[in-house]
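Colleague: sequence and predicted structure are below.
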Amino acid sequence: MRELGGAIRKLATWPLAGFLLVCLTLTYWQVLAADQLNNAAENNRLERMQRRIQPGQLITRDGVVILDSHSSPKGWERIYDDTRAFSHLTGYNSRTGLQKTLADALYAQGLYSNPWEELMHGGVVGNNVHLTIDARLQQVAHRAMRRKRGAVIAMDPRDGALLVLYSAPAYDASAITRSQEAFDLFVYDPEKPEINRALQGMYPPGSVFKIFTAAAAIDAGISTPETVFQCTGVERVAGTQIRCRRSGGHGKLSLREALTDSCNIAFAKLGDELGPERFRDYVKRFHLLDSTNLPLATSTGRMADFSAFKGQMQLAEASFGQGATLITPLSIARLTATIANGGEVIQPCMVDYVETVGNRRTTSGRGEQLGRAVSAQTATTVAGMMRAVVEQGTGAVAGIGGLRAAAKTGSAQNPSGDPHAWFTCFAPYDAPELVVTVIVENGGSGAETAGPIAVEVLRAALSDRTR
Ligand SMILES: [Zn+2]
């Protein structure tokens with residue numbers, strides 16, 4: 001019996017081993033390698049599609065084709081015109097930038113497919129996408145940001161159209177798709193050129209955030225531009241030591257003067273008085289930490305939880321843009337646009353329209369209003385205070401004189417070295433047409449480093465208008 005039992009066990013071993021092998025194989029292909037298989041299938045499908053279809057172009061509002069294509073023996077290939085100025089918009093292959101997110105339009109797929117066209121001509125032609133971006137202004141920003149890290153945004157506050165969306169350092173999309181060595185240098189570059197800093201950069205806002213605190217406090221009725229504060233240079237507010245940028249203190253000063261000469265202590269006291277609930281409520285009303293529906297990846301901002309332990313202390317720091325607050329340059333541009341736009345929050349956009357077969361146009365949601373952040377009267381009051389920043393305060397940048405601009409400067413303390421330089425502005429002051437926001441990483445003084453770049457873009461844009 002024992003021998004028979006042994007034989008049965010031996011016989012049973014083989015099917016069992018076989019069963020285990022099948023299980024392991026299935027687990028491998030269905031679980032462990034599933035993503036890899038899906039990606040491979042997706043890549044093959046994309047590559048086949050790309051070779052077959054003549055892809056659509058990306059065209060700026062001034063008619064420059066920033067993403068084109070040409071026919072090669074391998075099929076259609078992309079051409080990147082003036083790539084460094086537009087790299088963060090075009091991306092460098094069909095899986096990055098607008099080439100990825102606008103693929104349906106550019107390759108006439110999904111909503112944009114046209115079976116009739118395919119049947120008639122035996123092939124599909126993609127749709128051209130017209131952007132709100134102004135190539136000339138984008139190039140001005142690109143040149144002004146040479147050898148700097150940071151971002152430049154220009155936006156029409158009336159309908160949210162982005163005219164400039166520039167991130168530095170940029171990269172050469174043509175070069176990195178041609179050579180493995182160039183691609184490796186790009187991927188391992190410590191300055192991280194692949195990040196679109198305008199939309200994904202998370203920075204302490206520093207003093208440009210005082211626009212928000214002033215607007216919230218005036219709108220809530222707890223302050224006017226004439227409310228008087230006392231600043232002795234170093235003071236304890238809400239249990240934390242606050243240092244003003246003037247170590248000797250400002251003495252007695254009004255809220256208007258506190259914004260003009262960027263006093264931290266007055267704003268810490270103002271935020272403390274506003275309190276966590278109202279502060280948070282205005283953060284929501286301004287959509288400060290919200291994402292957007294732009295066709296490029298955008299980070300949401302971050303702020304301390306003011307109801308937690310030491311919340312009141314963190315609120316005092318947040319009121320002048322320091323502490324745990326991190327925000328994107330786009331968010332500061334939208335905050336500035338809200339003041340310029342009479343208190344109405346606008347959704348930023350960058351696609352003007354898609355040109356489908358037969359020159360039919362599919363328009364995007366341009367000018368979408370997100371609601372009111374503050375009253376029109378509050379917005380006008382804060383705009384007037386920002387005008388004073390240019391006329392008498394820290395925003396008196398060379399060349400801004402003739403532009404009738406309103407602005408706010410910032411130098412944000414951060415853990416990575418010199419302060420980040422901020423400058424945000426709009427013009428003309430009495431009928432705003434353009435918001436420009438600039439950040440230069442570790443640039444030091446906002447007025448000295450970021451200010452002149454904003455002025456260059458503003459000047460180029462407004463001179464264009466009079467031509
Ligand atoms: Zn002060």
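Modeller: Arrived safely.
Colleague: how about the stretch 51-200 of the chain: which residue is closest to the ion?
Modeller: Across the stretch 51-200 of the chain, no residue is closer to the ion than Gly150, which sits at 26.8 Å (CB to the ion). C-beta coordinates here come from the backbone N, C-alpha and C atoms, glycine included.
Colleague: contacting residues for that residue?
Modeller: Neighbouring residues of Gly150 by CB atoms under 8 Å, 6 or more residues apart in numbering: 167-168, 197, 201, 329, 420-421, 438-441, 443, 450.
Colleague: repeat the analysis, applying 6 Å as the threshold.
Modeller: Ala168, Ile439, Val440, Glu441 (CB atoms under 6 Å, 6 or more residues apart in numbering).
Colleague: look up how far the ion lies from the second one.
Modeller: Which is Ile439. 23 Å (CB to the ion, to the nearest Å).
Colleague: quick one: distance of the one helix or strand that residue maps to to the chain centre.
Modeller: Taking DSSP states H and E as the criterion, Ile439 maps to strand 434-440. Distance, stretch centre to chain centre, for strand 434-440: 11 Å (CA atoms, centre = their mean, to the nearest Å).
Colleague: Val390 contacts Arg404, correct?
Modeller: No - assessed by CB atoms under 6 Å, Val390 is found out of contact with Arg404, at 8.7 Å.
Colleague: look at these two and report which has more neighbours.
Modeller: Neighbour comparison, Val390 and Arg404: the larger count goes to Val390, with 25 against 15 (by other CB atoms under 10 Å).
Colleague: report the distance from the host helix or strand of the more buried one to the chain centre.
Modeller: Element membership of Val390 [criterion: DSSP H and E] is helix 376-391. Helix 376-391 sits 25 Å away from the centroid of its parent chain (CA atoms, centre = their mean).
Colleague: what mean pLDDT does whatever helix or strand comes next after that helix have?
Modeller: Sequence-wise, the next helix or strand downstream of helix 376-391 (DSSP H and E) is strand 406-414. Strand 406-414 shows a mean pLDDT of 93.
Colleague: then stretch 347-366?
Modeller: Mean predicted lDDT for stretch 347-366 stands at 83.
Colleague: go on, stretch 272-282?
Modeller: The average of the pLDDT scores along stretch 272-282 is 95.
Colleague: okay, buried residues for it please.
Modeller: Asp272, Leu274, Pro276, Arg278, Phe279, Arg280, Tyr282 (16 or more other CB atoms under 10 Å).
Colleague: equivalent analysis for stretch 190-205, please.
Modeller: Neighbour-count burial for stretch 190-205 [16+ other CB under 10 Å]: Pro193, Glu194, Ile195, Asn196, Arg197, Ala198, Leu199, Gln200, Gly201, Tyr203, Pro204, Pro205.
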